[in-house]
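Colleague: Show me how the following folds:
(chains A and B)
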Amino acid sequence: MIKIGKYILYDMVRNRFVMAYTFFLLLVTLSMFSLDSDPGKSTISLMNIVLLVVPLVSIVFTTIHFYNSYEFMEMLLAQPVHRKTIYFAEYLSVSIALSVAFLSGVALPLCVFNFNESTLYLILIGVMLTFIFVALAFAASVATRDKARAIGIALLFWFYFAIIYDGLVLYIIYTFSDYPMEKVTLSLVSLNPIDLARIVILLKLDVSAMMGYTGAFYQNFFGSGGGIIYSLLIMIVWILLPLLIAHRKFCLKDI
Amino acid sequence: MRLVLFIGFLLLVANLMANTLEVSATSKWKTIRSAISAAAKGDTVRILPGTYREGNLVIQKSITLLGVNYPIVDGENKFELFTIAANHVSVIGIRMINTGVGSINDISAINAIESDDLRVLNNQFENTFFGIHLANSSHTRIEGNVLHSNAQAEHQIGNGIHAWKCDSIRIENNQVSGHRDGIYFEFVTNSVVQHNNSHHNMRYGLHFMFSHNDVYQYNTFKSNGAGVAVMYTKGVTMRHNQFIDNWGSSSYGLLLKDIRDSHITQNRFDKNTIAIYMEGCSRSKFESNTFHENGWAVKVQSNCDGNVFIKNNFLSNTFDMATNGTLVLNTVDANYWDKYRGYDLNKDQIGDVPFHPVNLYSMIIEKMPSSVMLWRSFLVYMLDRSEEVIPSITPEELKDNHPAMRSYPLL
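Modeller: Okay, the predicted model is just below:
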């Protein structure tokens, strides 16, 4: 598995798209910090970019990559190698390549300009989101044979988690606004890794955004060590769930 | 001229006639009580260092109590310390500790009842239930005192400086912490509160009701349980005060309820959940204040009318302004908003397009607090932008027609 992964990783690092992604992130991070004098504010703007761009790039790139390496996988499958090995080698090398791109694009300049607890969370959560959305891309890719359709599914995933889900949550909150919704929203947050990521970072970064009773409730929950562990665990579940479902399907699939 | 000289001479004689009675373990007077009963009008009781446990001391004549190097007067957690029921009394430089605690009586370190021209200067109050309690007393001066208490709950503690039905009092350079309300006024008129520091009190840093025509200036109100709340009053002047770190779901930098014809100018509001919350306020002017890093800078309920916000700085607040309806009877003009995205073609430092300080999401959060979980998400960003282009829910009339391009000088 390590050997296969190494070859895929070599291939990935030389990929022009991954390089462009790195440079894009680097450019965004640097411009954020040179435009705004307040480092806290630029970290918030950067967070918005990370929460939108990282999932989008991860999911779309992985889907395209999966189909592009279809022939390579077929070739490997002709050898005495487990499907499981190929699958996890693919997954790990793609996520590691994208994480490295993210780390060198965002984490490095952040460490130079403004290193504190909140940026540490931003970095950690960027890596987590990369792993989650690569796993979701695998789920989208094994679902169908058609590349265009798979990209469509992948984009739908992104669209759902980035925008549609929030709309639904707003609708639910609006409908049940007469009831105490704190615990309900807490569980709703867990159902979307992007929301979870945003709230964890915001609580570290921008306390004044978390006002009122609900804010205090979140602060109590996520601000404590237990809350952090909880959100990290939920994120790991978000990695494992699509990954294992896709794995099952990949092993049974007629390639 | 002769008359003046004669009067001067008389005054001098009167002054010479005033005696000084010394109290200490080795003096003629061993207790403060004996010295007070021996003192005549105009005398000074000099209290030398030591600890005095004498229960409740009642002062019914015009004398001065002067502490040397802060003698300690201890209430042993049972008694009120000084009850003052005379005019022209001074209490200076005494350390008062451990008064009793009462749920029916307002047990205080200094309790003045119908005392005119009382002076309470440079005293220390530690662990007192009420610190200084004035009732129906006018022309009082309370200056340079330090009041501190360590209560754990609101019902176990009284107010630091408590005034009821007073006129023309002056409260200056005091430090109040750990009490229920730092400074509490009810029916107190024509008074001045300045250069005080009221912080870490259980409830309000400053709390007043029905206290007309008072001036509050150069005070600091920091980290109080619920900030500052003022109610049912007209003619309030507040300037150069600082309202800092009043953090919590029901905590306000400055809560104004039914305040009329007042001036709130040149104050600084830093890191409060809600810097100013207004309910039923009329004809008040808010000028040259700075709002910095608050959750909400100004929350105006729609039952406020005729208020003017002019030349204020709004910097790094989550929400600059919020309201709960579409009716707008207040004026917002020529403020600096760091969120302003407009332009200034003629370079007169006034933005050419109006600024709408109320954003959609602040109104949504106002109605549904739990929707705060979506704050700063992409969806909310889109909602806010579309609302900015075509205002439908936010009050369209609430806008600043002359937003400043540069912030006004910070205070």
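
Colleague: just checking, what packs against the strand or helix carrying residue B:286?
Modeller: Using DSSP states H and E, the element containing residue B:286 is strand B:285-287. Packed against strand B:285-287 by the contact rule (3 or more Cβ pairs under 8 Å, 6 or more residues apart in numbering or on different chains; DSSP states H and E) you find strand B:263-265, strand B:308-310. Placement of C-beta: from N, CA and C, glycine included.

Colleague: in its sheet, what does the last one sit against?
Modeller: Yep, that's strand B:308-310 we're talking about. strand B:285-287 (parallel), strand B:331-333 (parallel) (DSSP bridges).

Colleague: Specify the next element, helix or strand, located C-terminal of it.
Modeller: strand B:313-315.

Colleague: Show me which residues of that next one are buried.
Modeller: Under the neighbour-count criterion of 16 or more other Cβ atoms under 10 Å in any protein chain shown, strand B:313-315 has B:313, B:314, B:315 buried.

Colleague: hang on, the earlier thing: quick one: contacts of the strand holding residue B:286?
Modeller: Contacting residues not belonging to strand B:285-287 are listed as B:262-266, B:276, B:298, B:307-312 [Cβ atoms under 8 Å, 6 or more residues apart in numbering or on different chains].

Colleague: Quick check: next helix or strand after it?
Modeller: Following strand B:285-287 toward the C-terminus (DSSP H and E): strand B:290-292.

Colleague: For that next one, which strands pair with it and how are they oriented?
Modeller: Assessed with DSSP bridges, strand B:290-292 is paired to strand B:268-270 (parallel), strand B:313-315 (parallel).

Colleague: Ok, which of those strands comes nearest residue B:131?
Modeller: With Cβ to Cβ as the measure, strand B:268-270 is the member of those nearest residue B:131 (26.3 Å).

Colleague: Can you name the residues bridging to the residue nearest the centre of chain B?
Modeller: Closest to where the C-alpha atoms of chain B average out (Cα atoms, centre = their mean) is residue B:206, at 3.2 Å. Applying DSSP bridges to residue B:206 yields these beta-bridge partners: residue B:183, residue B:228.

Colleague: Quick check: end-to-end length of stretch B:257-271?
Modeller: Counting by Cα to Cα, to the nearest Å, you get 21 Å between the two ends of stretch B:257-271.

Colleague: So residue B:293 sits against residue B:314, correct?
Modeller: No: with contact defined as Cβ atoms under 8 Å, residue B:293 does not reach residue B:314; the gap is 10.7 Å.

Colleague: Quick one: neighbours of residue 55, just the number.
Modeller: All of this is about chain A. 25 (other Cβ atoms under 10 Å in any protein chain shown).

Colleague: ah, no, chain B please
Modeller: Using other Cβ under 10 Å, residue B:55 is surrounded by 13 other residues.

Colleague: How many residues are close by the residue nearest to it when sequence neighbours are not counted?
Modeller: Among residues not flanking residue B:55 along the chain, residue B:79 sits closest, at 4.6 Å (Cβ to Cβ, 6 or more residues apart in numbering or on different chains). For residue B:79, the count of nearby residues is 18 (other Cβ under 10 Å).

Colleague: Could you report the distance from residue B:79 to residue B:105?
Modeller: 11 Å (Cβ to Cβ, to the nearest Å).

Colleague: ok, now residue B:81?
Modeller: 13 Å.

Colleague: If you count surrounding residues, which of these two has more?
Modeller: The neighbour comparison of residue B:81 against residue B:105 (other Cβ under 10 Å) goes to residue B:81, with 27 against 12.

Colleague: show me what contacts the more buried one?
Modeller: Contacts of residue B:81 by Cβ under 8 Å, 6+ apart are B:56, B:57, B:73, B:75, B:96, B:99, B:108, B:109, B:110, B:128.

Colleague: try 7 Å this time
Modeller: Contacts for residue B:81 (Cβ atoms under 7 Å, 6 or more residues apart in numbering or on different chains) come out as B:57, B:73, B:75, B:96, B:99, B:109, B:110.

Colleague: One more: residue A:133?
Modeller: A:55, A:58, A:59.

Colleague: what's the burial count for the nearest residue to it once chain neighbours are set aside?
Modeller: Once flanking residues are discounted, residue A:133 sits nearest to residue A:58: 3.8 Å by Cβ to Cβ, 6+ apart. By other Cβ under 10 Å, 29 other residues sit near residue A:58.

Colleague: what's the answer for residue A:79, then?
Modeller: 8.

Colleague: swap in residue A:237?
Modeller: A count of nearby residues for residue A:237, using other Cβ under 10 Å, gives 12.

Colleague: still on that earlier bit, and the residue nearest to residue B:55, which helix or strand is it part of?
Modeller: Assigned by DSSP H and E, residue B:79 falls within no helix or strand.

Colleague: Surely it touches residue B:53?
Modeller: No: using Cβ atoms under 7 Å, residue B:79 is not in contact with residue B:53, being 8.8 Å away.

Colleague: In the stretch 151-255 of chain A, where is pLDDT below threshold?
Modeller: Scanning the stretch 151-255 of chain A for pLDDT under 70 picks out A:206-214.

Colleague: ranges for the strands of it?
Modeller: Counting by DSSP state E, counting those that start in this stretch, the stretch 151-255 of chain A has no strands at all.

Colleague: Next one: residue B:322 from chain A, what distance?
Modeller: Residue B:322 is 10 Å from chain A, where distance means Cβ to the nearest Cβ, to the nearest Å.

Colleague: ok now the host helix or strand of residue B:256, how far from the chain's centre?
Modeller: Assigned by DSSP H and E, residue B:256 falls within strand B:252-260. Computed by Cα atoms, centre = their mean, to the nearest Å, the chain-centroid distance of strand B:252-260 equals 12 Å.

Colleague: for the record, mean pLDDT for it?
Modeller: The average pLDDT within strand B:252-260 is 95.

Colleague: which other helices and strands contact it?
Modeller: Packed against strand B:252-260 by the contact rule (3 or more Cβ pairs under 7 Å, 6 or more residues apart in numbering or on different chains; DSSP states H and E) you find strand B:227-234, strand B:274-279.

Colleague: so of the ones you listed, which one's packed in deepest?
Modeller: strand B:274-279 (a mean of 25; mean count of other Cβ atoms under 10 Å in any protein chain shown).

Colleague: for that strand, packing partners?
Modeller: Packing partners of strand B:274-279 (3+ Cβ pairs under 7 Å, 6+ apart): strand B:252-260, strand B:296-300.

Colleague: quick one: contacts for residue B:345?
Modeller: The contact partners of residue B:345, by Cβ under 7 Å, 6+ apart, come to residue B:352.

Colleague: Okay, it and residue B:352: tell me how far apart.
Modeller: Applying Cβ to Cβ, the value for residue B:345 to residue B:352 is 6 Å.

Colleague: again, but for residue B:330
Modeller: To residue B:352, residue B:330 is 23 Å away according to Cβ to Cβ.

Colleague: could I get the helices and strands packed on strand B:274-279 as TSV with distance to residue A:34 and mean neighbour count?
Modeller: Putting these into TSV (distance: least, Cβ to Cβ, whole Å; neighbours: other Cβ atoms under 10 Å in any protein chain shown) gives the following:
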stretch	distance to residue A:34	mean neighbour count
strand B:252-260	33	24
strand B:296-300	28	27
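
Colleague: hmm, back to that, columns secondary structure and pLDDT on top of the contacts of residue A:133, output as CSV?
Modeller: Below are the contacts of residue A:133 laid out as CSV (DSSP: H, G, I helix; E, B strand; the rest coil; pLDDT from 0 to 100):
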residue, secondary structure, pLDDT
A:55, helix, 96
A:58, helix, 95
A:59, helix, 95
